[in-house]
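> Got a sequence here, can you model it:
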Amino acid sequence: MSIKQFNGSYMPNEDRLMFRFNTAEDDEYRFWFTRRVTLFILAATDHLVEKKLEQKHDKPAAKAIAQFQQDAVKEQTKFTHDYAPASKYPIGADPVLVMDVKCTMMQVENIDVLSLDLVMPGGANLNLKLTVPILQTMRLLLERLAAQGNWGQLQLNVPAQVASTEAEVAAPPAEEKKNLH
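Got it, this is the predicted structure:
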């Protein structure tokens, strides 16, 4: 699955984000992200990108590089293209509530990739593999949408489960996954 576009909107009546993306294969996936899920994605991905950079740089340099990369994305990303809805909906046309998220940094063909598992009701999940530049664009969209929701100052505290699993940065966990793609 090759992601073509991200799109999202804050839904005040739901106090949730409707996050969707389309693919080069003309598929569209629609999800509800709660505040908890959104803030977890932002905190965990920030943490994992920094930990990956710390493998080559000291901690202050890794933090500065990650911030520089995110600032560059903010400067270069304009979100000016209209979203082109797809014609196929593999998991349905209605948004699916994301119950939980699992994030792991890994290398695929010498490229740093974030594996993002969106856990849905019933235990199924959708796995996305995002390169760091695509991840940073998605993060920027989520940050802007969270700000529209007045979810307050984004206190991106890394949950203990992410902070204590530094091994996930080096190698993906060996677990059975129910993938929908």
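> which residues does the nearest residue to Ile3 once chain neighbours are set aside form a beta bridge with?
Using Cβ to Cβ, 6 or more residues apart in numbering and skipping the chain neighbours, the partner closest in space to Ile3 is Phe21 (5.3 Å). C-betas here are computed from N, CA, C, even on glycine. On the basis of DSSP bridges, Phe21 is bridged to Phe6, Tyr29.
> so how far is Arg35 from Phe21?
Phe21 is 20 Å from Arg35, where distance means Cβ to Cβ, to the nearest Å.
> between those two, which one's more packed in?
Between Phe21 and Arg35, counted using other Cβ atoms under 10 Å, Phe21 has the larger neighbour count: 21 against 14.
> okay, the helix ranked longest in the chain in CSV with CA atoms only?
Counting by DSSP state H, the longest helix found in the chain is helix 35-54. C-alpha atoms of helix 35-54 as CSV (Å, rounded to 0.1, in the frame of the first residue of the first chain):
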residue,chain,number,x,y,z
ARG,A,35,-7.6,12.9,21.9
ARG,A,36,-5.7,10.1,23.7
VAL,A,37,-4.8,8.3,20.5
THR,A,38,-3.7,11.5,18.7
LEU,A,39,-1.5,12.7,21.6
PHE,A,40,0.0,9.2,21.9
ILE,A,41,0.9,9.1,18.2
LEU,A,42,2.5,12.5,18.5
ALA,A,43,4.4,11.7,21.7
ALA,A,44,5.5,8.2,20.7
THR,A,45,6.6,9.1,17.2
ASP,A,46,8.6,12.1,18.5
HIS,A,47,10.3,9.8,21.1
LEU,A,48,11.1,7.1,18.6
VAL,A,49,12.6,9.4,16.0
GLU,A,50,14.8,10.9,18.6
LYS,A,51,15.9,7.5,20.0
LYS,A,52,16.7,6.4,16.4
LEU,A,53,18.9,9.6,15.9
GLU,A,54,20.6,8.9,19.3
